[in-house]
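Peer 1: Quick one: sequence plus predicted model below, questions after.
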Amino acid sequence: MPGPTSPRQTKTGERNLDVTTAPGGLDAIDRQIISHLQRDGRRPYGAIAEDVGLSEAAVRRRVQRLKDAGVMQIVAITDPLQLGFGREALVGIRCHGDVRLVADKIAAIDEANYVVMTAGSFDLIAELIAVDDNALVHLLNDSIRSIPGVTEVETFLYLKLSKQTYAWGTK
C-alpha cells in the first residue's frame, strides 16, 4: 500500500498524487499545471499535457481535483476602470468586540472584493471598488462606519496600479 506521499499509478500508467496526500497538498506536476493556467486560464488541456508529460484526460482530472479542493479557481480578471468603476481603495479598519462579526458584515458588501483579518495595526483590511467618489463616501460612511464594533477607518486611495500578478504559489 502506498505511503501518504507515494504516487499511485493510474490505469494508463500515469503518476497520480492526490492533493490531500502530497506534502503541502501539491506535487510538482500540479504546480506546473497551475503555472500554465496562471499565465493563460484558457490554455487547452492538450497543450498543458504535452508540457507536463501527462495525457489530456489526466490534466483535466487534476485541474478538476484542484478546483474541487479549493486550491484554485479559473476566473476572468477584469480591469475595474474599464467596467465603469472609477475609484478603488484599500481600507484599514479597527474594531472592538468580535472581529469575525465585523469581517462577515464587510464581506457581505458587494463592493468589498477582499476582506482579511490581520495581526497588524488594523484588525481588518478590505479592498473596495466604487463607481466614483460619492459611491466610496457612501460605502465608507453608511456601510462600514455604521457597523457595530467599527471604531476607526483609514482609507488608502489607489492612484495608479504599478503591479498586479497572479503567478505566485507555484515556486
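Peer 2: Looks like it arrived, so ask away. Numbers count the residues shown, from 1 in each chain.

Peer 1: tell me the secondary structure for Ile93?
Peer 2: When classified by DSSP: H, G, I helix; E, B strand; the rest coil, Ile93 comes out as strand.

Peer 1: who's in contact with it?
Peer 2: By CB atoms under 8 Å, 6 or more residues apart in numbering, the residues touching Ile93 are Val102, Ile106, Phe122, Asp123, Leu124, Ile125, Ala126, Ile144, Val150, Glu152, Val153, Glu154. All C-beta atoms are positioned from the backbone trio N, CA, C, and that covers glycine.

Peer 1: And the closest residue in space to it that isn't next to it in sequence, how far from Val59?
Peer 2: Nearest residue to Ile93, sequence neighbours excluded (CB to CB, 6 or more residues apart in numbering): Leu124, at 4.2 Å. Distance of Leu124 to Val59, given as CB to CB, to the nearest Å: 38 Å.

Peer 1: try Thr151
Peer 2: Per CB to CB, Thr151 is found 50 Å from Val59.

Peer 1: out of the two, which sits in the more crowded spot?
Peer 2: Using other CB atoms under 10 Å as the criterion, Thr151 and Val59 rank with Val59 on top: 25 against 12.

Peer 1: Is the more buried one in contact with Ala47, as I believe?
Peer 2: No - using CB atoms under 8 Å, Val59 makes no contact with Ala47, being 9.3 Å away.
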